[in-house]
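Trainee: When you get a sec, could you give me coordinates for this:
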Amino acid sequence: MTEIPELIPKMNDDGAHFRRLPLPLKILVTGAIVGCVIWAAVIQPFKEHRNIKNFYDQKITSLVVSFSDDGRFTSWKLKNGLYVDFFCAAKNQLTLGDSIVKEPQTFLYKVYRKDIAGEYQFFADFDFMVLK
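Mentor: This next block holds a predicted model:
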C-alpha cells in the first residue's frame with residue numbers, strides 16, 4: 001500500500017517551513033508584517049489624532065463628499081478633508097450631500113440635509129467625540 005503524502009504541514013515543525021523559503025521571500029513577508037504593525041501602532045493613531053485636533057480647532061462649513069465602510073465603522077469624508085466616524089449600525093447617519101456646520105473650539109456640530117425642494121433644512125446635532 002502506498003503512503004499518502006502529508007498535505008498539511010505539522011504545526012510543531014519549529015519553523016522549518018519558513019526556514020526553507022528563499023531569502024527575498026522571507027524579507028518580503030517580514031517587511032509586510034512589520035509594515036502592518038507600524039501602520040496600526042503609529043501612523044493610523046497619528047492621523048486620527050490630527051483629524052480630532054483639526055476638527056476641534058476649525059470653523060467648519062462643509063459638505064459630505066464620500067464615505068468608506070470597513071464593516072465596523074463608516075467614515076464620512078468632508079469636502080475640507082476631515083472625516084467623521086459612525087458605527088455601521090447607527091441610525092440617522094450622514095448621507096452624501098449633507099452640510100455640516102460647526103463653530104471653532106467645540107466638538108458639537110449641526111447637520112443640514114436637502115429637502116424635496118433642494119433646500120437645506122436642519123437635520124440633527126451631533127458630538128464628534130460620541131460614536132453613535
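Trainee: tell me the domain ranges of this structure?
Mentor: Recorded structural domains for the chain (assignment: automatic domain parsing) are 14-57, 59-132.
Trainee: how about the helices in the protein?
Mentor: 16-19, 23-38, 44-57 (DSSP state H).
Trainee: can you tell which of these is closest to residue 95?
Mentor: Of all the helices of the chain, it is helix 44-57 that lies closest to residue 95, at 19.3 Å by Cβ to Cβ. No exception for glycine: its C-beta is placed from N, CA and C like everyone else's.
Trainee: Give me the helices and strands touching the closest one, please.
Mentor: The helices and strands touching helix 44-57, judged by 3 or more Cβ pairs under 8 Å, 6 or more residues apart in numbering; DSSP states H and E, number zero.
Trainee: That helix relative to helix 23-38, how many degrees between them?
Mentor: Angle of helix 44-57 versus helix 23-38, following axes from the mean of the first three to the mean of the last three Cα atoms, to 10 degrees, is 30 degrees.
Trainee: which residues sit against helix 44-57?
Mentor: Applying Cβ atoms under 8 Å, 6 or more residues apart in numbering, the contact partners of helix 44-57 are 82, 83, 84, 102, 104, 105, 106, 107, 128, 129.
Trainee: again, only this time at 10 Å
Mentor: Contacting residues not belonging to helix 44-57 are listed as 38-39, 60, 75, 78, 80-85, 100, 102, 104-107, 109, 128-129 [Cβ atoms under 10 Å, 6 or more residues apart in numbering].
Trainee: Mind listing what's buried along that helix?
Mentor: Using 16 or more other Cβ atoms under 10 Å as the test for burial, helix 44-57 gives 51, 55.
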